[in-house]
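Chemist: sequence and predicted structure, then a few things I'm wondering about:
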Amino acid sequence: MTRNENPESSTPQVREAMRALAGDPEQFARYLADMQRHLLGLTSTLTVLAQAAQVELRGTHVEGDRFYHARARALPVEHQMNVLVKSLKSATEAAEKVAFQRRRHDERVDALPGQRSAKALEKANKGRSSRALPVNKPGEQVPPPTKSGYSDEPRSILDLRDRRSA
């Protein structure tokens with residue numbers, strides 16, 4: 001077992017429970033919401049602990065210290081506490097993003113058969129539509145287009161040429 005591995009998470013019962021959780025979207029979302037609430041609680045608790053530790057550590061003076069020595073000794077501990085709090089906040093945000101991504105995945109999977117059938121129908125009609133169009137025979141005359149996009153009427157003041165504007 002490696003240093004980062006939790007002995008509780010490696011049991012077959014836990015793995016089986018996580019597989020079942022991953023299979024059900026509602027249970028998955030509920031579990032992630034519980035984890036998010038737990039992480040938010042940890043974040044607020046550790047924020048209070050960081051503030052209390054900062055006050056305590058900065059207040060520890062040893063004989064012979066200058067005014068900045070206590071703060072300098074406290075900075076590494078404060079920094080690591082702030083890193084921990086920031087990591088928990090990002091883990092909370094990541095849990096929320098995972099829940100949204102899972103919901104989006106399920107919606108896409110549900111919509112996929114309809115999209116595929118529409119695409120297949122469009123593909124089938126694409127091949128038929130080119131054959132169904134009337135083809136001009138060499139002896140027939142093609143009627144001129146009824147209305148084109150161009151007209152003799154001016155569309156701007158610059159098109160007036162020798163006419164006057166209002």
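Modeler: The structure has been received and is ready for your questions. Numbering: from 1, shown residues only.

Chemist: all the helices of this protein, in order from the start?
Modeler: Assigned by DSSP state H, the chain shows helices spanning 12-23, 25-58, 69-132.

Chemist: select, out of these, the one closest to S156.
Modeler: The minimum distance between S156 and the helices of the chain falls on helix 69-132, with 39.2 Å, by CB to CB. Glycine gets a C-beta too; all of them are placed from N, C-alpha and C.

Chemist: for that closest one, what is the distance to the chain centroid?
Modeler: On the basis of CA atoms, centre = their mean, to the nearest Å, helix 69-132 sits 4 Å off its chain's mean C-alpha point.

Chemist: on that earlier part again, check the helices of the chain for me and report the most buried one.
Modeler: helix 25-58 (a mean of 14; mean count of other CB atoms under 10 Å).

Chemist: what angle separates that one from helix 69-132?
Modeler: Counting by axes from the mean of the first three to the mean of the last three CA atoms, to 10 degrees, helix 25-58 lies at 160 degrees to helix 69-132.

Chemist: which strands and helices lie in contact with helix 25-58?
Modeler: helix 12-23, helix 69-132 (3 or more CB pairs under 8 Å, 6 or more residues apart in numbering; DSSP states H and E).

Chemist: out of those, which comes closest to V55?
Modeler: helix 69-132 (9.5 Å).

Chemist: quick one: list the elements packing against the closest one.
Modeler: helix 25-58.

Chemist: give me the angle between the helix it packs on and helix 12-23.
Modeler: 110 degrees.

Chemist: which residues are contacting stretch 41-49?
Modeler: Residues from elsewhere that reach stretch 41-49 (CB atoms under 8 Å, 6 or more residues apart in numbering): 81, 84-85, 88-89, 92.

Chemist: what's the mean pLDDT across that stretch?
Modeler: Averaged over stretch 41-49, pLDDT sits at 96.

Chemist: please report how far P113 lies from G23.
Modeler: Here P113 is placed at a distance of 20 Å from G23 (CB to CB, to the nearest Å).

Chemist: actually T11, not the one I typed
Modeler: In terms of CB to CB, T11 sits 19 Å off from G23.
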